[in-house]
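J.: when you get a sec, could you give me coordinates for this:
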Amino acid sequence: MAFVIIREAKEGDCGNILRLIRELAEYEKLSDQVKISEEALRADGFGETPFYHCLVAEVLSAPGEPQGPCVVGYGLYYFSYSTWKGRNIYLEDIYVKPEYRGQGIGSKIIKKVAEVALDKGCSQLRLAVLDWNKRAMDLYKALGAQDLTEAEGWHCFRFEEEAMRELAGK
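T.: Down below sits the predicted model:
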């Protein structure tokens with residue numbers, strides 16, 4: 001088993017993060033929806049007022065191995081607010097490369113996001129998962145997450161840019 005560290009992403013990680021975002025989109029059968037660029041990730045995550053924060057899972061080389069550290073997973077999150085509960089953290093993406101799954105890396109990323117949430121005074125950690133991704137749902141439940149669709153009947157909606165323009169009259 002490889003030695004893995006979970007650390008805050010650095011600006012220089014944006015290329016690896018984008019590669020993993022594309023892998024996640026392919027896994028979710030939604031590759032056509034990825035429009036983000038490495039430059040946008042840099043500007044939005046490492047500017048004066050970041051829109052997101054990111055953790056990366058990095059495999060460190062064993063002594064004597066020629067390969068240097070390698071980013072094999074990530075968790076991208078941001079802060080939000082609940083009018084009922086106050087501060088929240090939303091885990092937008094969590095992804096671990098297939099060949100590194102089953103080693104507890106995803107759990108380590110989620111635990112680190114929970115630690116960040118608590119340090120920032122958040123009362124909830126929220127995330128969404130596609131209905132066919134049973135392996136992920138099982139992991140989240142095993143870690144203590146509650147399925148809000150089952151428990152409370154919540155459904156998630158989104159407005160795409162065109163719909164927002166129509167709403168805003170632009």
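J.: packing partners of the top strand by length along the chain?
T.: In the chain, with assignment by DSSP state E, the single longest strand is strand 70-82. Helices and strands touching strand 70-82, by 3 or more CB pairs under 8 Å, 6 or more residues apart in numbering; DSSP states H and E, are helix 14-27, strand 53-60, strand 86-96, helix 105-119. From N, CA and C alone the C-beta is placed, and that goes for glycine too.
J.: any idea which of the ones you listed is most buried?
T.: strand 53-60 (a mean of 21; mean count of other CB atoms under 10 Å).
J.: for that one, the distance to its chain's centre please.
T.: Strand 53-60 has its C-alpha centroid displaced from the chain centroid by 11 Å (CA atoms, centre = their mean, to the nearest Å).
J.: again, but for stretch 78-88
T.: With CA atoms, centre = their mean, you get 17 Å for stretch 78-88.
J.: next structured bit after the helix or strand of the chain with the lowest mean pLDDT?
T.: Lowest by mean pLDDT, DSSP states H and E among the helices and strands of the chain is helix 148-152, with a mean of 92. For helix 148-152, the succeeding helix or strand toward the C-terminus, using DSSP states H and E, is helix 161-168.
J.: contacts for that next one next, please.
T.: Phe159 (CB atoms under 8 Å, 6 or more residues apart in numbering).
J.: quick one: mean pLDDT for that helix?
T.: Summarised as a single mean, pLDDT over helix 161-168 is 94.
J.: what residues are up against Asp13?
T.: Per CB under 8 Å, 6+ apart, neighbours of Asp13: Cys54, Val56, Val71.
J.: of the residues you listed, closest to Glu160?
T.: Cys54 (23.6 Å; CB to CB).
J.: pLDDT score for that closest one?
T.: 98.
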